[in-house]
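K.L.:
okay, sequence plus prediction incoming.
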Amino acid sequence: MKQATLAAAADQGAEFERYRRPTRRDVFLQTMEAIVPWADLCEVIEPHYPKAGKGRPPIGLERMLRMYFVQHWFNLADEACEEALLDSTALRRFVGIDLGHERVPDGTTLLKFRRLLEDDKHKLGAALFAKVGEVLQSKGMKVGTGTIVDATIISAPSSIKNDKGERDPEMHQTKKGQQYYFGMKLHIGVDSETGLAHSAVVTAANVHDKHPLPELLHGEELEVFGDSAYASQQELIATKAPKAKDRTNQRVRGTGHLADLERIVNRIKSKTRSRVEHVFAVVKRQFGFAKVRYKGLAKNATRAFVALGLANIYLARKRLVA
């Protein structure tokens with residue numbers, strides 16, 4: 001066993017900091033330490049991770065995965081994540097770094113790890129999302145017979161003040177209400193009972209919400225909920241889930257008793273449909289994925305899949321702790 005250094009003692013520092021209390025970051029990291037299925041997730045990446053050979057031995061896989069998750073949780077760029085670890089005792093303790101013995105993995109090392117996960121041949125981002133789903137189901141959070149579908153826009157820079165003088169060609173513009181947005185769309189399917197995402201598709205922002213609809217269903221649904229963008233899509237739903245009833249909100253125009261009745265029915269449906277917004281709130285507001293960080297759909301899709309997996313763990317944290 002290696003002996004703890006003065007830096008490690010300072011990081012632990014319990015006897016020296018008599019009046020320190022756990023911060024929200026401390027509590028969050030302690031919870032994630034306990035409930036994230038580290039061994040299962042490392043098992044997904046391990047076959048593709050560099051092995052020790054003649055050169056410098058690679059950094060431990062779980063340590064890099066922890067650093068990568070810190071980057072997601074706190075919306076950090078590669079170099080910003082390195083600096084955050086140098087600055088924060090709580091983050092170093094979570095990742096497992098003792099500055100007296102070792103350096104913090106630098107931004108370039110994290111970049112290479114991120115590119116491994118973004119490799120289009122392995123699709124490890126989607127594989128991690130699927131593995132989280134398997135683990136949660138094994139702990140009793142089964143996928144039920146109702147699915148809520150929805151999509152959200154992830155903005156991309158629309159400026160052309162760059163070397164090429166053009167916008168990202170894989171992102172597109174769309175109109176929502178009276179405002180135009182440029183970027184991509186994250187389409188998800190959420191279980192109506194657990195409130196956890198079980199499927200996701202990433203497209204350019206100009207793709208209509210209804211087109212990826214069959215890919216968001218698992219096929220055993222008895223009910224499908226969605227906002228009015230999915231209205232009157234029973235035939236499309238039937239191609240994947242023939243037993244499902246269409247519970248999507250219908251478009252209501254005009255006034256009168258029938259219109260008022262339709263609005264009441266839509267409000268009742270929305271009590272279930274609104275659960276999808278909890279997932280978007282965690283991904284976009286808590287984890288900060290409201291804007292793309294990289295160029296192209298593939299890299300941002302990997303980030304989206306990993307963020308959804310982490311959002312599922314976060315939303316299920318009370319059940320997992322119990």
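P.N.:
All right, it came through fine.

K.L.:
once you drop chain neighbours, what's closest to Val202?
P.N.:
If you skip the residues right next to it in sequence, Val202 has Ala301 as its closest partner in space, 4.0 Å away by CB to CB, 6 or more residues apart in numbering. C-beta: built from backbone N, CA, C; applies to glycine.

K.L.:
need the pLDDT of the one you found.
P.N.:
Ala301 carries a pLDDT value of 96.

K.L.:
next, it: phi, psi?
P.N.:
Note on Ala301: its backbone torsions stand at phi -70, psi -40 [degrees, to the nearest 10].

K.L.:
ranges for the strands of this structure?
P.N.:
Assigned by DSSP state E, the strands in the chain fall at 146-155, 172-176, 179-191, 197-204, 223-225, 245-246.

K.L.:
okay, these in JSON lines with distance to Lys123 next?
P.N.:
Shown next, in JSON lines, are the strands of the chain (distance: least, CB to CB, whole Å):
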{"stretch": "strand 146-155", "distance to Lys123": "19"}
{"stretch": "strand 172-176", "distance to Lys123": "23"}
{"stretch": "strand 179-191", "distance to Lys123": "16"}
{"stretch": "strand 197-204", "distance to Lys123": "12"}
{"stretch": "strand 223-225", "distance to Lys123": "26"}
{"stretch": "strand 245-246", "distance to Lys123": "31"}
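
K.L.:
ok, which of those strands comes nearest Glu235?
P.N.:
strand 245-246 (9.7 Å; CB to CB).

K.L.:
determine the set of other helices and strands touching that closest one.
P.N.:
Packing partners of strand 245-246 (3 or more CB pairs under 8 Å, 6 or more residues apart in numbering; DSSP states H and E): strand 223-225.

K.L.:
how about 10 Å then?
P.N.:
With contacts taken as 3 or more CB pairs under 10 Å, 6 or more residues apart in numbering; DSSP states H and E, strand 245-246 sits against strand 223-225, helix 234-238.

K.L.:
which one of these lies closest to Val276?
P.N.:
strand 223-225 (8.0 Å).

K.L.:
can you list the domain ranges for the protein.
P.N.:
Residue ranges for each domain of the chain read 6-118, 142-294, as given by automatic domain parsing.

K.L.:
quick one: contacts for Ala311?
P.N.:
Counting by CB atoms under 10 Å, 6 or more residues apart in numbering, Ala311 touches 72, 129, 132, 188, 196-197, 278-284, 286-287, 289.

K.L.:
coming back round to it: nearest to Pro214, of the helices and strands packed on strand 245-246?
P.N.:
helix 234-238 (6.5 Å).

K.L.:
deepest-packed of the helices and strands packed on strand 245-246, please.
P.N.:
strand 223-225 (a mean of 24; mean count of other CB atoms under 10 Å).

K.L.:
how far is it from where the chain is centred?
P.N.:
In terms of CA atoms, centre = their mean, to the nearest Å, the gap separating the centre of strand 223-225 from the centre of its chain is 23 Å.

K.L.:
what packs against it?
P.N.:
Using 3+ CB pairs under 10 Å, 6+ apart as the contact criterion, the secondary-structure elements in contact with strand 223-225 are strand 146-155, helix 234-238, strand 245-246, helix 257-273.
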